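J.: Sequence below, structure please.
(chains A, B and C)
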Amino acid sequence: MADVLVVRNLDKRFGGLRAVADLSLSVEEGQTLALIGPNGAGKSTSFNLITGYFRPDSGSVLAFGRELVGLEPYDICAHGLARTFQVARPFGKMTVLENVMTGAFLRDKKVRAARERAREAIAFVGLSAKEETPARDLTTIDQRRLEMARALATEPRILLLDEVMAGLNHTEIDQAVALVGQLAKRGLTIVIVEHVMRAIMAVANRIVVLDHGQKIAEGLPQEVVANKEVIEAYLGTGAHA
Amino acid sequence: MLQTLAQAVVNGLLIGGIYALVSIGVTLIFGVVKIVNFAQGEFVMIGMYLSFFLATRAGIDPLVSLVIVMPVMFVVGMVFQHVLIRRVLSLGDMPQIFLTFALSVLLMNLALLLFTANYRTVQTPYTDASFHIGGVYISVAKLIAFILAMVFSGALTVFLRTTDIGKAMRAAAQNRDVAMLMGINTDLVFAVAVGLALALAGAAGALLMPFYPVYPTVGQVFVLMAFVAVVLGTLGNVTGALIAGLMMGIAESLGIQFVGADSGLIVVFMLLLLTLAFRPSGLFGGRAR
Amino acid sequence: MVKKAAPVIVLALIALILPVFLRTGFEIDIAVRVLLFAFIGVAWNLMGGYAKQLSLGHAAYFGLGAYTSTILLIKFGVSPWIGLIAGGIVAMLASLPIGWLCFRLRGPYFAIATIATAQVLMLLFLKFRDFAWGAEGTTIPFLGNAPLMMQFSGKAPYYYIALGLLAIGLVVTWAIERSWMGNYLVAVGEDEDAAEAVGVNAPRIKRDIYLISAFLTALAGTFYVQYIYFIDPNTAFSFNVSVEAALVSIVGGIGTLWGPVLGTILLEPTSALLQSLLGASHGGVQLTVYALILIAVILWRPTGLLGLITDAYRRIVRADG
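T.: Numbering: from 1, shown residues only, chains lettered A, B, ... in the order given. Model prediction:
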């Protein structure tokens, strides 16, 4: 299976802080890669670098062989890479349907076709009943669902999910995991940033662990969770109790 | 030739002090409350009328009137924030812009109705006084205005850095939510910020009276300079606004001297457009997106 | 579909036969102004209402349209009907560099930059004595009844032209609103970064809507010169025009099709009345009232008053069963 997303030597400084340090990773087509690490490890920054919101100081990001660094977010999306935001950003004034249609319009500017594709995505995340609800009136969880539907409507080949499970309860996590699993079954390549270990173990094929902007471990889920450095990164070494 | 240049620079620098004062007020409100006060110029105008009436009805010299004008404007600012600004804080860009904008139009036209469009001036013993240094004439009134403007600006900077409430303001400017979580009473902090900004505007007005006429739309010129200075000096940056304000004064003066008598404004506008084109985040850096 | 169209058809019919009922020149003048400023408001609304790009310098395009057609008319004898389109094109071309500059700023600073550009244009035209008559401006040659040169002896034709312009503006808005472009505009207006994340080319769509908005506004400028037979930089690039363009949309209903129309119907006659009652002796009354109305609307109903009417209408329709 080919590597569809290849990140090489990504580097980003904010003033004196090196948020992402020489990061390299790759994802095979159809795989789900989880990006984990303690807070401040650089996970969201990496997402922002990959999807064009920040420009890296150096390094490259290849998606299906195309260099993404230097492209605008909308071009990156057009190339097949979609992302969700950690804090959902719905278009409050618009209804759920209209929100998702914004994503659908990327591929087809005709209203009828876009509406159909939007409806499919909305059905997939389970928001069909609230199609006509203004996005600002949705619960936080539904806004997350909307976020995902909107991203899906752009027909991505690679999907980046930023902490979609944060703050969910047990049942909701199960539902979210099921959704991600279905996306993986459809052949979508997924990169997921997450803290909820249960979810990660359920969906990830491979895990990359970040700490202080650097990759400190990589491999199969079982390997990574047993890795000593990873444990230390999360729990701290004994001395700093 | 050099003499003309020096004179133009000096003149520009002196009036630049006033521009700086107004600019600091705008940038303070923007930095802390995140609102652009389109009416800042009108508060300068109010300060001027206040000072004018105190001078003509009560014989109080404009410089002395500072003692009255500044506290009054401070209170006005706090009321302004509490009654009007607070209501639109959560509404988004548009209502905020149009609120202060409408207020600006309202104040200008109320002044027009109440005071007519006539230019009013105040004569003081030092209005026409000037002295000579190395071939350059320096107007006493303008010099005093400049010095006091710098004093007030400096005092504000010290205040922001050293006092608790000043630090609270800077905290709220950086991150309102975190500031609230830390127990900072953002309402009070905002009110003080607006109060201070308006006090500075009022001060600018009183300082102007000895050598500048007051009329309903006088604030427009100053607020325009202030806006350009605020953009140039980077939004929210008080020191930046100060320096840029002084630069505005000099640029305008040079424009008037070397381009044409009515070209002061065009030079300033060109500066704004150039800044936008090449350094939209201002001279002192700032956020990119 | 018929139910939805009914109120529009009624309105259109009223608008078409209104001139018959207007007796005095004063009344027709108000009607013309209502139509014209509603049109300018509609043009502004595309940018300011849907995409939330708050321009307070739309007078720039009004003036460019006015001056283009006038220069073509007086210096080259070109009919204002052609001048109308020429002015629109000039405005569109101007909107490109202006947009490129101003879109670098967000929110209030965009507004300030637009004010600055309109002011710069006014200052430039005040100085351009050689090719645009400078500060005194000029009148256009009086040709009596010359429809081909957009001059008419009665006021009614002007009314219908203004009505036609408004109709064009409304149709354009309606078409955009229900297309992908309308969706993208609102998305950009709500959250530009999030829109870009789902593939919306925000810079391009802002540029495109600015082109359309500028073009339409310029048409109004040409019409206005023909209507008042006079032009000068202060009238053409008047800050009042910029303000009113935004004001009628905000008061009426920002980001809606009929908002600007409602806003103008409320504001224009009020201002004309105040003007005639208090007129020259109390300069500043009109704007004071406008400002108070604006403040009241912002504090009480920031999205504009159209919501009130549509709610009421819905209630009536529902009551009828």
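J.: Going by C-alpha atoms from here, please, whenever you check contacts or count neighbours.
T.: Will do.
J.: elements contacting the longest helix along chain B?
T.: Longest helix of chain B, by residue count under DSSP state H: helix B:2-33. In terms of contacts (3 or more CA pairs under 8 Å, 6 or more residues apart in numbering or on different chains; DSSP states H and E), helix B:2-33 is packed against helix B:40-58, strand B:136-139, helix B:140-162, helix B:164-174, helix B:186-208, helix B:218-232, helix B:238-258.
J.: Around chain A, which positions in the stretch 51-200 of chain C sit nearby?
T.: With CA under 8 Å from any CA of the partner chain as the criterion, the stretch 51-200 of chain C meets chain A at residues C:179-180, C:183-184, C:186-187, C:190-191, C:194-200.
J.: Counting neighbours, which of the residues you listed end up buried?
T.: Taking 16 or more other CA atoms under 10 Å in any protein chain shown as the criterion, what is buried in these is C:180, C:183-184, C:186-187, C:190-191, C:194-200.
J.: tell me which element the residue in chain A that chain C sits nearest to is part of?
T.: Taking CA to the nearest CA, chain C has its nearest neighbour within chain A at A:Tyr74, 3.9 Å off. Per DSSP states H and E, A:Tyr74 falls inside helix A:73-78.
J.: what's the pLDDT at residue 44?
T.: All of this is about chain A. Per-residue pLDDT puts A:Ser44 at 85.
J.: please go with chain B instead
T.: So B:Val44 comes in at 96 (pLDDT).
J.: Can you show me the strands along chain C?
T.: Shown for chain C, the strands assigned by DSSP state E span residues C:138-139, C:230-231.
J.: Count the neighbours of the nearest residue to C:Ala51 once chain neighbours are set aside for me.
T.: The shortest distance from C:Ala51 to any non-neighbouring residue, by CA to CA, 6 or more residues apart in numbering or on different chains, is to C:Gly189 (4.1 Å). By other CA atoms under 10 Å in any protein chain shown, the residues close to C:Gly189 number 22.
J.: close enough to count as contact, C:Gly189 and C:Tyr50?
T.: Yes. Applying CA atoms under 8 Å, one finds C:Gly189 in contact with C:Tyr50, separated by 6.4 Å.
J.: How about B:Leu107, nearest residue that isn't a chain neighbour?
T.: Using CA to CA, 6+ apart, the nearest residue to B:Leu107 is B:Glu42, at 6.4 Å.
J.: Which residues are in contact with the one you found?
T.: Counting by CA atoms under 8 Å, 6 or more residues apart in numbering or on different chains, B:Glu42 touches B:Ser104, B:Leu107, B:Met108, B:Thr217, B:Val218, B:Gly219, B:Gln220.
J.: Neighbour count, pLDDT and distance to A:Phe64 added to these, as JSON lines?
T.: Output for those, formatted as JSON lines (neighbours: other CA atoms under 10 Å in any protein chain shown; pLDDT from 0 to 100; distance: CA to CA, whole Å):
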{"residue": "B:Ser104", "neighbour count": "24", "pLDDT": "92", "distance to A:Phe64": "55"}
{"residue": "B:Leu107", "neighbour count": "23", "pLDDT": "94", "distance to A:Phe64": "60"}
{"residue": "B:Met108", "neighbour count": "27", "pLDDT": "91", "distance to A:Phe64": "60"}
{"residue": "B:Thr217", "neighbour count": "19", "pLDDT": "89", "distance to A:Phe64": "61"}
{"residue": "B:Val218", "neighbour count": "20", "pLDDT": "92", "distance to A:Phe64": "61"}
{"residue": "B:Gly219", "neighbour count": "24", "pLDDT": "91", "distance to A:Phe64": "58"}
{"residue": "B:Gln220", "neighbour count": "19", "pLDDT": "86", "distance to A:Phe64": "56"}
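J.: Now the residues you listed in CSV, please, with extra columns for distance to B:Val9.
T.: Shown next, in CSV, are the contacts of B:Glu42 (distance: CA to CA, whole Å):
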residue, distance to B:Val9
B:Ser104, 31
B:Leu107, 33
B:Met108, 31
B:Thr217, 26
B:Val218, 23
B:Gly219, 23
B:Gln220, 23
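J.: and of those, the nearest to B:Phe131?
T.: Proximity of those to B:Phe131 (CA to CA) peaks at B:Val218, which lies at 27.5 Å.
J.: From chain C, how far out is the closest one?
T.: Look at B:Val218 and chain C: by CA to the nearest CA, to the nearest Å, they are 15 Å apart.
J.: sorry, back to before: in helices, which of the buried ones among the residues of the stretch 51-200 of chain C next to chain A appear?
T.: Under the assignment DSSP H, those contribute C:Trp180, C:Asn183, C:Tyr184, C:Val186, C:Ala187, C:Glu190, C:Ala194, C:Ala195, C:Glu196, C:Ala197 to helices.
J.: hey, where'd the helices end up in chain A?
T.: In chain A, the helices defined using DSSP H lie at A:43-50, A:73-78, A:96-104, A:111-125, A:140-152, A:170-185, A:197-203, A:221-226, A:228-235.
J.: so which of those is the most packed in?
T.: Most buried of those, by mean neighbour count (mean count of other CA atoms under 10 Å in any protein chain shown): helix A:96-104, with a mean of 30.
J.: Helix A:140-152 and that one, what's the angle between them?
T.: Orientation check (axes from the mean of the first three to the mean of the last three CA atoms, to 10 degrees): helix A:96-104 against helix A:140-152 gives 30 degrees.
J.: Which of the helices of chain A comes out lowest on mean pLDDT?
T.: Among the helices of chain A, helix A:228-235 carries the lowest mean pLDDT, at a mean of 78.
J.: so how far is it off the chain centroid?
T.: Helix A:228-235 has its C-alpha centroid displaced from the chain centroid by 23 Å (CA atoms, centre = their mean, to the nearest Å).
J.: what's the burial count for B:Pro210?
T.: Taking other CA under 10 Å as the definition, B:Pro210 ends up with a neighbour count of 27.
J.: check contacts around it.
T.: Neighbouring residues of B:Pro210 by CA under 8 Å, 6+ apart: B:Pro62, B:Thr121, B:Val122, B:Gln123, B:Thr124, B:Tyr126, B:Thr127, B:Ala141.
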